[in-house]
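[1] dropping a prediction and its sequence here:
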Amino acid sequence: MLTDRRPILLANARIVDPSRELDFPGDLLIADGVIREAKKGIGAAGVPEGTEIIDCRGRLVAPGLIDMRAFIGEPGAASRETFASASQAAAAGGVTTIICQPDTSPAIDDPATVDFVLRRARDTAIVHVHPMAAITKGLEGKEMTEIGLLKAAGAVAFTDGEKSVTNAQVMRRALTYARDFDALIVHHTEDPDLVGDGVMNEGEFAARLGLLGIPKAAETVMLERDIRLVALAGGRYHAASVTCTDSLEVLARAKQAGLRVTAAASINHVTLNENDIGPYRTFLKLTPPLRAEEDRRRLVEAVGTGLVDVVMSDHNPQDVEAKRLPFAEATPGAIGLETMLAAGLRLVHAGELPLMKLLQAMSSRPAELLGLPGGTLRSGAPADVIVVDLDRPWVLDPAELKSKCKNTPFDEARMTGRVVRTIVAGRTIYEHV
């Protein structure tokens, strides 16, 4: 970890600020942990004495990414991931803020556990870490948590992680109470009864593999219910991970009706489809499951139009024992902190998604939804900044990943575009030579 706190001038860069839709060649000056200015022609003469001047040679300079959905094993599952290891992976992937999930042991469902997470992250992580707290106590879907107290303790949103709140009355009450505190409810939209014993997307490909399928209706039924509850109770609602065309239609109707509804898609669902599972590759067993190529294309279009607000990693480390099993028995989940941006750049290079839209979905939009100060290069904003070589080719070697678990769906994949420097609060915390 590099901790030099000298002022930094990122010179001769391509400056992209998704919060203002700015894209221009210029320089960016950082001092005292904040962005001083970003403009053309600051030059060495216009900076404080002792400034570190870095020639970016036309590389991209953008706000650090804010990953809105990542599982970290502390407390209770440090063997899978710690704040220290997750933050190292995040820094290498250009993620300067991690939003961790509450499905730990114990669950993040009381102010003391929120405080533990914040203190532990402050002591061991090199990037910012903010917790989401549980909607229900123990993630059991029965009794609502103390939303006001949890928000006051530092929870940035409320979710039951990978569990859906199936009791509509409990969800209605949560939305009502959250509305009074302007708190964001984030919900995993899968009806567990419709999921049943399914392990991948229901359809022809699942039939060929001889695997039980999960219908898209498992997602859309729950999302449709939630939207009706939002109309009834009010409040701010965020669908944690939408994956299919039917869900996009539900989401579009909700937004057109003026409801305060937003949604995210995982990097896996916008860059991969069910066919990538191939010969039963368990690293691509996810929840929700990968869908058909038509669904993937529609998701990418929805990110481009803003219908889908956020792209997140859905970072979910699983150890070897949980993954090296027959597909039907393997635990779902994939890591993604380190590869989220690089995988997203595949869409940019393929012409499927403009760079500005990708960066908005990964930085400025999450900041807006969660009320965080990052995601922008405005003067006075926190100096959470990344430098990216958009054209650097590389092959992903799982052995080089910084996460404790290596269950990446991009094992040995060819990538184009790599983070070469990550700056958090004015300090360079990662540099790739």
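    Cool, the structure landed. Numbers count the residues shown, from 1 in each chain.
[2] can I get the helix or strand encompassing A90 in PDB, CA atoms only?
    Using DSSP states H and E, A90 maps to helix 83-93. C-alpha atoms of helix 83-93 as PDB (Å, rounded to 0.1, in the frame of the first residue of the first chain):
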ATOM      1  CA  PHE A  83     -12.300  -6.400   4.600                       C
ATOM      2  CA  ALA A  84      -8.600  -6.400   4.000                       C
ATOM      3  CA  SER A  85      -8.600  -8.900   1.100                       C
ATOM      4  CA  ALA A  86     -11.800  -7.500  -0.400                       C
ATOM      5  CA  SER A  87     -10.400  -4.000  -0.400                       C
ATOM      6  CA  GLN A  88      -7.200  -5.100  -2.100                       C
ATOM      7  CA  ALA A  89      -9.300  -6.700  -4.800                       C
ATOM      8  CA  ALA A  90     -11.400  -3.600  -5.100                       C
ATOM      9  CA  ALA A  91      -8.400  -1.300  -5.400                       C
ATOM     10  CA  ALA A  92      -7.000  -3.500  -8.200                       C
ATOM     11  CA  GLY A  93     -10.400  -3.300 -10.000                       C
END
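[3] for that helix, packing partners?
    Under the contact definition 3 or more C-beta pairs under 8 Å, 6 or more residues apart in numbering; DSSP states H and E, helix 83-93 sits against strand 65-70, strand 95-100, helix 111-124, strand 128-131, helix 340-349, strand 414-424, strand 427-431. Just so you know, the C-beta spots here come from the backbone N, C-alpha and C atoms, and that holds for glycine as well.
[4] export the ones you listed to a markdown table and tack on distance to E81?
    Formatted as a markdown table, the helices and strands packed on helix 83-93 follow (distance: least, C-beta to C-beta, whole Å):
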| stretch | distance to E81 |
| --- | --- |
| strand 65-70 | 9 |
| strand 95-100 | 9 |
| helix 111-124 | 12 |
| strand 128-131 | 12 |
| helix 340-349 | 15 |
| strand 414-424 | 19 |
| strand 427-431 | 17 |
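[5] of all the ones you listed, which one is nearest A153?
    helix 111-124 (3.8 Å; C-beta to C-beta).
[6] distance check, the residue nearest to the spatial centre of the chain against R120.
    The residue lying closest to the centre of the chain (C-alpha atoms, centre = their mean) is M312, at 2.5 Å. Using C-beta to C-beta, to the nearest Å, M312 is found at 22 Å from R120.
[7] mind listing what's buried along stretch 389-409?
    Across stretch 389-409, burial judged by 16 or more other C-beta atoms under 10 Å covers 389, 396, 401-409.
[8] again with stretch 233-240
    233, 235-240.
[9] what do you get for stretch 159-178?
    Buried, per 16+ other C-beta under 10 Å, within stretch 159-178: 159-165, 170-178.
[10] and if you look at stretch 57-73?
    For stretch 57-73, the neighbour count (16+ other C-beta under 10 Å) marks 59-73 as buried.
[11] next one: stretch 347-366
    So for stretch 347-366, counting by 16+ other C-beta under 10 Å, buried means 347-348, 352-353, 355-366.
[12] give me the contacts around that stretch.
    For stretch 347-366, contacts defined as C-beta atoms under 8 Å, 6 or more residues apart in numbering pick out 16, 18-19, 21, 23, 60, 62-68, 97, 99, 270-271, 297, 300, 303-304, 306, 308-312, 340-341, 344-345, 372, 374-376, 390, 416-417.
[13] in this structure, where is pLDDT below threshold?
    1-4 (pLDDT under 70).
[14] in contact with the residue in it sticking out farthest from the centre, which residues?
    Farthest-out residue of the chain from its mean C-alpha position, per C-alpha atoms, centre = their mean: A45, at 38.9 Å. With C-beta under 8 Å, 6+ apart as the criterion, no residue contacts A45.
[15] over to the one 5 residues further on?
    Contact partners of G50, counting by C-beta under 8 Å, 6+ apart, are 6-7.
[16] so it: helix, strand or coil?
    coil (DSSP: H, G, I helix; E, B strand; the rest coil).
[17] could you number the chain from 115 rather than 1 from now on?
    In the new count, where the first residue is 115, that last one comes out as G164.
[18] please, which helix or strand holds I299?
    strand 298-301.
[19] that strand packs against which elements?
    Strand 298-301 sits against helix 282-294, strand 350-353, with contacts defined as 3+ C-beta pairs under 8 Å, 6+ apart.
[20] return the set of buried residues in it.
    So for strand 298-301, counting by 16+ other C-beta under 10 Å, buried means 298-301.
[21] kindly report the same for stretch 253-263.
    253, 255, 258-259, 261.
[22] first vs last residue of that stretch, how far apart are they?
    End-to-end distance for stretch 253-263, by C-alpha to C-alpha, to the nearest Å: 17 Å.
[23] now the helices for the stretch 265-414 of the chain?
    Listed in chain order, the helices of the stretch 265-414 of the chain (DSSP state H, counting those that start in this stretch) span residues 282-294, 306-309, 318-323, 331-347, 359-370, 381-385, 407-419.
[24] winner for burial among these?
    Mean neighbour count (mean count of other C-beta atoms under 10 Å) peaks for helix 381-385 among the helices of the stretch 265-414 of the chain, with a mean of 27.
[25] could you check how far the closest residue to T210 other than its chain neighbours is from V538?
    In space, and not counting its chain neighbours, T210 is closest to G178: 2.7 Å by C-beta to C-beta, 6 or more residues apart in numbering. Separation of G178 from V538 (C-beta to C-beta): 7 Å.
[26] what is in contact with those two at once?
    Common contact partners of G178 and V538 (C-beta under 8 Å, 6+ apart): 210, 241, 498.
[27] that older thread, my guess is the residue farthest from the centre of the chain is in a helix, correct?
    Yes: when three-state DSSP is applied, A159 is found to be in a helix.
[28] quickly list what the nearest residue to L174 once chain neighbours are set aside is bridged to.
    Closest residue in space to L174, ignoring its immediate chain neighbours: V502 at 4.2 Å, by C-beta to C-beta, 6+ apart. Using DSSP bridges, the bridge partners assigned to V502 are L174, V533.
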